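**Q** Structure, please.
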Amino acid sequence: ATTPDEYRRYIEKDSALERRFQPIWVEEPSPEMTVDILRGLKEKYESHHGVKISDDALEAAVKLTHRYLQGRRLPDKAIDVLDQACARKKIRSYPTSEDREREELEAQVKELEEKVKKAEEEGNLKEWERLNSELTKKKRELLSRKDRKEDIEVKAEDIAEIVADMTGIPVSKMMEEEKDRLLRMEEELHRRIIGQDEAVKVVSEAIRRSRAGVSDPRRPLGTFLFLGPTGVGKTELARSLAEFLFGDEDAILRLDMSEFKEEHSIAKLIGAPPGYVGYEEGGKLTEAVRRRPYQVILLDEIEKAHPRVFDLFLQVFDDGRLTDSQGRTVSFRNTVIIMTSNIGSEYLREVMDRFKDRMDEVERALKTVREKFEKGEISEDVLKAEEERLGRRRKEIEEEIKREYEKVREKVLEIVRGYFRPEFLNRIDEIVVFHPLSKEEIFKILDILIERLNRRLEDQKIKVTLTDRAKELLSRKGFDPLMGARPLRRVIQKEIETELSSLILKGDVKEGDEVVVDEKDGKFEFKVPKRA
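**A** Now for the predicted structure:
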């Protein structure tokens, strides 16, 4: 028995050797046939490992390996996973210290029962009462200990655990819990993605269609084109999707498509042809997906790639597979492909440019009112009234921006349809236009970034809290309508994290402290209330 490749390499080229053999091509069995094969092997594996194998485990071994282990064939991969699950279950069933203590207790109870019986036969009432009292205590203790002894049975969960170890996908994502998670996918994604309701909704719907088996199973889980200005959450949504689907936000392959402007650069994606430098290394795209078939593929600035690269991705979007330079077929059926583009972004920026002066005017007015209050020129009631009035004005401008954005959105989509070929766009599940972020959304992003800082400080038991005034100052310094929320992270690092690290090193902030960051005279002020 050998593979077609090895037959061609070693036997077919030698005609004298080849004519002495009659090739019989053995096809891969279907999942249904594989379940029957496993049922035939079930008794042997039960006897060998000393376990029981449930029917659910057999079906799960076929179903999960067929879906998640694309690089191997049935029934080999299903048998391999079943074998590992049986071995792991048997090892875990070995006695623990708790089991041994229980066995010792059972032996003591048995011994006491014999002594009680003997004392009763001898008529030694005093000894009988003492032993009987001790026996009652031991029996109570024995009952209080939970009996861990049970039939060692391999179940579907055990199979899922083995497949999870092989693929890196958490077990819960393979079992029934996935249905509940998919139904509340928007809620999960919105923990990290602020605003962008439409983007989160269409991505979630596409993933649900794929997971429910409604969409074509040969295609990737989802193929999306993200449009919109910088810093509004396109890359963050890709990372959130990687974490939601594959349990790891780093399960993402990011390719800058400006590196693939030339026709020959296609070799970088699938590998160099035979005889060329780098043939053995494989392609940036195919090799990464072959080694990790479950990930998000982020293609940045897709419009900068050569048209031949678009042709290459047509096959990926349609058939969910690609053949590399070494003739190996790589499956993309468990990937999510996200493309970003700056096409039409100049029109989106124009909207922000038109409203920037009006937004700045509101911010300046707000700053002036607060300065007057600090100097005692106006009362607190006047300050609150002015803040409410200017807040309403800001919301009106933001609503106006969104309306203008919807008009421009259609123009951008028209430009996209004119730039990319119809056969390319028709293979994309959703084209998503991201909208600019409002002031309230920036505040929510600030809360998320500060929460991440607090998670990093958990070991030192230090907590950072921002007042509304500090948030206002941070948003003014870190939010640019043209750059989105991206500068926020840099401002937090420079203004908050740098000063906080100095205070920790000086000993001004110690373990267990809560640090309140406030604003005073346009600068950040750090306070520790417990020791103030």
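**Q** Return the set of buried residues in stretch 451-458.
**A** 453, 457 (16 or more other CB atoms under 10 Å). C-beta coordinates here come from the backbone N, C-alpha and C atoms, glycine included.
**Q** Also stretch 385-392?
**A** Those would be 386, 390, for stretch 385-392 by 16+ other CB under 10 Å.
**Q** Give me the distance between it and the centre of its chain.
**A** Computed by CA atoms, centre = their mean, to the nearest Å, the chain-centroid distance of stretch 385-392 equals 40 Å.
**Q** quick thing: my sequence starts at 51, can you match it?
**A** Right, with 51 as the first residue, what we last looked at is stretch 435-442.
**Q** ok, longest helix in the chain?
**A** Ranked by residue count and defined by DSSP state H, the top helix of the chain is helix 430-469.
**Q** could you say what helices and strands that helix packs with?
**A** strand 272-277, helix 395-424, strand 480-483 (3 or more CB pairs under 8 Å, 6 or more residues apart in numbering; DSSP states H and E).
**Q** again, only using 6 Å
**A** If contacts are counted by 3 or more CB pairs under 6 Å, 6 or more residues apart in numbering; DSSP states H and E, helix 430-469 sits against helix 395-424.
**Q** Between strand 272-277 and the helix it packs on, find me the angle.
**A** 70 degrees (axes from the mean of the first three to the mean of the last three CA atoms, to 10 degrees).
**Q** So which bits of helix 395-424 are buried?
**A** 398-399, 401-402, 405, 409, 412-413, 416, 419-420, 423.
**Q** Surely D106 is within a helix?
**A** Yes. Under DSSP: H, G, I helix; E, B strand; the rest coil, D106 sits within a helix.
**Q** Just give me the neighbour total for the spatially closest residue to it that is not a sequence neighbour.
**A** Spatial nearest neighbour of D106, chain neighbours left out: A206 (4.3 Å); criterion: CB to CB, 6 or more residues apart in numbering. Using other CB atoms under 10 Å, A206 has 21 other residues around it.
**Q** pLDDT at A206, what is it?
**A** Model confidence at A206, given as pLDDT, is 89.
**Q** Off-centre distance for the worst-scoring helix or strand of the chain on mean pLDDT?
**A** Every helix and strand in the chain was compared by mean pLDDT, DSSP states H and E; the lowest is helix 227-233, with a mean of 76. The chain centre lies 14 Å from the centre of helix 227-233; the measure is CA atoms, centre = their mean.
**Q** In that helix, which of the residues would be classed as buried?
**A** L232.
**Q** Pull the residues that contact it.
**A** Here helix 227-233 makes contact (CB atoms under 6 Å, 6 or more residues apart in numbering) with 258, 261.
**Q** Setting aside sequence neighbours, what's the nearest residue to G278?
**A** Counting by CB to CB, 6+ apart, the residue nearest G278 is F484, at 2.9 Å.
**Q** Now do the contacts for the one you found.
**A** 246, 249, 278, 282, 284.
**Q** In a markdown table, list those along with distance to D106.
**A** Listed next are the contacts of F484 as a markdown table, based on distance: CB to CB, whole Å:
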| residue | distance to D106 |
| --- | --- |
| Q246 | 40 |
| A249 | 38 |
| G278 | 45 |
| V282 | 45 |
| K284 | 41 |
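**Q** what about L303, which helix or strand?
**A** In this assignment (DSSP states H and E), L303 forms part of strand 302-306.
**Q** And whatever helix or strand comes next after that strand, what does it pack against?
**A** Note on strand 302-306: by DSSP H and E, the next helix or strand toward the C-terminus is helix 316-320. Applying 3+ CB pairs under 6 Å, 6+ apart, one finds that helix 316-320 makes contact with helix 334-341.
**Q** If you count neighbours, what's buried in the helix it packs on?
**A** So, applying 16+ other CB under 10 Å, buried residues of helix 334-341: 334-340.
**Q** can you map out the strands along the protein?
**A** 102-103, 203-204, 272-277, 302-306, 346-350, 371-373, 379-381, 386-391, 480-483, 513-516, 564-570, 573-577 (DSSP state E).
**Q** Need these in CSV (columns: mean neighbour count and distance to D361).
**A** Shown next, in CSV, are the strands of the chain (neighbours: other CB atoms under 10 Å; distance: least, CB to CB, whole Å):
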stretch, mean neighbour count, distance to D361
strand 102-103, 20, 48
strand 203-204, 21, 47
strand 272-277, 24, 15
strand 302-306, 16, 16
strand 346-350, 23, 14
strand 371-373, 17, 12
strand 379-381, 18, 17
strand 386-391, 24, 15
strand 480-483, 19, 20
strand 513-516, 18, 50
strand 564-570, 17, 53
strand 573-577, 14, 53
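**Q** Mind checking these for the one nearest to K127?
**A** strand 379-381 (13.4 Å; CB to CB).
**Q** I'd like the distance from that closest one to the chain centre, please.
**A** On CA atoms, centre = their mean, the centre of strand 379-381 falls 22 Å from that of its chain.
**Q** So what are the sheet partners of that strand and their directions?
**A** Strand pairing for strand 379-381, determined by DSSP bridges: strand 371-373 (antiparallel).
**Q** average model confidence for the partner strand?
**A** Rounded mean pLDDT across strand 371-373 is 89.
**Q** Can you list the neighbours in contact with it?
**A** Counting by CB under 6 Å, 6+ apart, 336, 366, 379-381 sit against strand 371-373.
**Q** any idea which of those is the one closest to E177?
**A** S381 (76.1 Å).
**Q** quick one: contacts for that closest one?
**A** 120, 371.
**Q** let's see 10 Å
**A** 120-121, 268, 270, 339-340, 343, 369-372 (CB atoms under 10 Å, 6 or more residues apart in numbering).
**Q** ok, now K457?
**A** 397, 401.
**Q** again with the one 4 residues further on
**A** Taking CB under 10 Å, 6+ apart as the criterion, K461 is in contact with 394, 397-398.
**Q** how much space between it and F296?
**A** K461 sits 36 Å away from F296, going by CB to CB, to the nearest Å.
**Q** ok, of the buried residues of helix 334-341, which one's closest to I202?
**A** R340 (36.5 Å).
**Q** Show the low-confidence segments of the protein, by residue range.
**A** Applying pLDDT under 70 to the chain picks out residues 145-149, 194-201, 219-228, 325, 327-330, 402, 531-533, 580-582.
**Q** Perfect, that will be all.
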